[in-house]
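**Q** any chance you can model this:
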Amino acid sequence: MNMESEIRNGYTVSALMKEVWSIQLQIARQIMDVCNRHGLKVWADWGTLLGAVREHGFIPWDDDIDLMMMRDDYEKLLSIAPSEFQSPYHFQSAYTDKGYFRGHAQVRYDGTAAVLPDDIDQSFHQGIFVDIFVYDNIPDNKDRKWKRSLRNAQIAQKILKTAYYRNFRLADPVTSVKYLLSKTVCVICGPLNVYRFFEKQFTRYNRFESRTVACPAFDLKRIDKETKEKSWYKETVMLTFEDILIPAPQGYDNVLRSLYGDNYLTPVNNPSGHGSEVYFDTHRSYTELIDEIRNNVSTKHKQQ
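**A** Numbers count the residues shown, from 1 in each chain. Here you go, the predicted structure:
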């Protein structure tokens with residue numbers, strides 16, 4: 001990859017972002033290598049899948065790589081991760097890093113920084129990362145049990161988000177009360193038990209046949225709109241992504257239409273889902289920068 005800044009689709013990609021992309025590609029290669037050696041299926045997802053199809057690489061305004069796996073293979077990856085991901089790679093999930101409750105795994109890169117403002121009070125690894133989303137069966141029959149499971153998952157997800165995301169601590173008094181209540185629940189029950197309860201609401205349906213799957217890590221109010229047909233993932237094709245080949249579901253056209261609409265081939269400059277204030281550094285660890293970042297964020301909040 002050319003590491004100099006360049007203009008893509010009228011958008012300037014900085015030299016720093018090129019360096020971030022380069023590290024993310026290195027992480028993605030490692031993940032794919034581990035999956036290949038263990039017979040695990042992994043595919044490009046979200047903006048990475050869109051970029052592979054439309055741009056043959058990163059969408060110019062994107063800042064990460066998104067991968068996905070079905071639950072069975074994802075759980076196998078979690079079990080082998082401690083031996084397969086050694087420094088500079090750090091495999092991160094709710095079961096490895098205290099305070100990390102994203103609902104999906106990430107592989108981070110030591111000696112770097114990719115700090116989200118909401119995470120700056122946390123002690124978990126905050127190096128440059130690649131996302132690995134997990135997909136579970138969604139029941140074809142949206143009966144009362146499913147609606148109850150979905151509601152339970154929404155409550156657990158809200159408790160964890162409120163208790164561990166910084167923006168709730170710096171908000172209005174009502175929101176601050178919600179933070180204290182959520183934190184109390186986590187102290188009494190144990191945050192990892194709350195997370196296990198959240199996961200249980202979806203994994204229970206993997207025992208049954210289902211036509212569709214969805215990722216529980218996102219906004220659960222939209223989960224019915226983000227379900228995908230399992231048949232789209234029966235076969236895998238390899239697509240060019242920058243200077244590597246990345247696996248994609250053979251039904252990628254259906255996947256992208258479901259996510260972005262029929263006109264997904266037309267570029268639309270949308271901001272990254274991580275927001276515009278991710279603190280990236282490709283040469284210094286987040287551990288060296290975190291105090292400075294915390295002070296900057298606190299100063300901005302006081303000035304607002």
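
**Q** which helix or strand in this protein has the lowest average pLDDT?
**A** Within the chain, no helix or strand scores below helix 166-169, which has a mean of 57 by mean pLDDT, DSSP states H and E.

**Q** for this structure, just list every one of the strands.
**A** Ranges of strands in the chain, per DSSP state E, are 6-8, 11-13, 43-44, 66-70, 89-92, 105-109, 113-115, 129-138, 212-214, 228-229, 236-241, 244-249, 279-281.

**Q** do you know how far residue 97 is from residue 256?
**A** 31 Å (CB to CB, to the nearest Å). Quick note: C-beta positions are derived from backbone N, CA and C, even for glycine.

**Q** mind checking which residue lies nearest the centre of this structure?
**A** residue 131 (4.2 Å; CA atoms, centre = their mean).

**Q** model confidence at that one, what's the number?
**A** pLDDT for residue 131: 97.

**Q** make sure it is actually in contact with residue 106.
**A** Yes. Counting by CB atoms under 8 Å, residue 131 does reach residue 106; the two are 5.6 Å apart.

**Q** residues near residue 17, how many?
**A** Counted by other CB atoms under 10 Å, the residues lying close to residue 17 total 18.

**Q** that one touches residue 64, doesn't it?
**A** No. Taking contacts as CB under 8 Å, residue 17 lies outside contact range of residue 64: 10.6 Å.

**Q** distance of the nearest residue to residue 232 once chain neighbours are set aside from residue 230?
**A** Excluding the flanking residues, the one nearest residue 232 by CB to CB, 6 or more residues apart in numbering is residue 251, at 3.0 Å. Remark: distance between residue 251 and residue 230 (CB to CB) = 10 Å.

**Q** for the stretch 201-304 of the chain, which spans come out with low pLDDT?
**A** Applying pLDDT under 70 to the stretch 201-304 of the chain flags residues 270-276, 297-304.

**Q** do that again at 50, thanks
**A** 301-304 (pLDDT under 50).

**Q** distance of residue 71 from residue 216?
**A** 10 Å.

**Q** give the contact list for the residue nearest to the centre of the chain.
**A** 45, 64, 65, 66, 67, 104, 105, 106 (CB atoms under 8 Å, 6 or more residues apart in numbering).

**Q** contacts only, for the last one.
**A** Remark: with contacts taken as CB under 8 Å, 6+ apart, residue 106 is in contact with 92, 93, 129, 130, 131, 132.

**Q** just to revisit the earlier point, which one of the strands of the chain lies nearest to residue 220?
**A** strand 212-214 (9.3 Å; CB to CB).

**Q** run through who's touching the closest one.
**A** 70, 135-138, 140, 223, 226-230, 233.

**Q** got a winner among those for most neighbours?
**A** Most crowded among the contacts of strand 212-214, counting by other CB under 10 Å, is residue 135 at 26 neighbours.

**Q** can you tell me the closest non-neighbouring residue to it?
**A** Per CB to CB, 6+ apart, closest to residue 135 is residue 213, 4.2 Å.

**Q** for the chain, what's the longest helix?
**A** Of all the segments of type helix in the chain, defined by DSSP state H, the longest one is helix 15-37.

**Q** now that helix against strand 66-70, angle please.
**A** 20 degrees (axes from the mean of the first three to the mean of the last three CA atoms, to 10 degrees).

**Q** tell me the angle helix 15-37 makes with strand 244-249.
**A** 60 degrees.

**Q** outside of helix 15-37, which residues touch it?
**A** The contact list for helix 15-37 (CB under 8 Å, 6+ apart) reads 1-6, 40-42, 58, 63-65, 67, 69, 73, 77, 80, 84-85, 89, 107-109, 112, 114, 128-130, 132, 241-244, 246-247, 280, 282.
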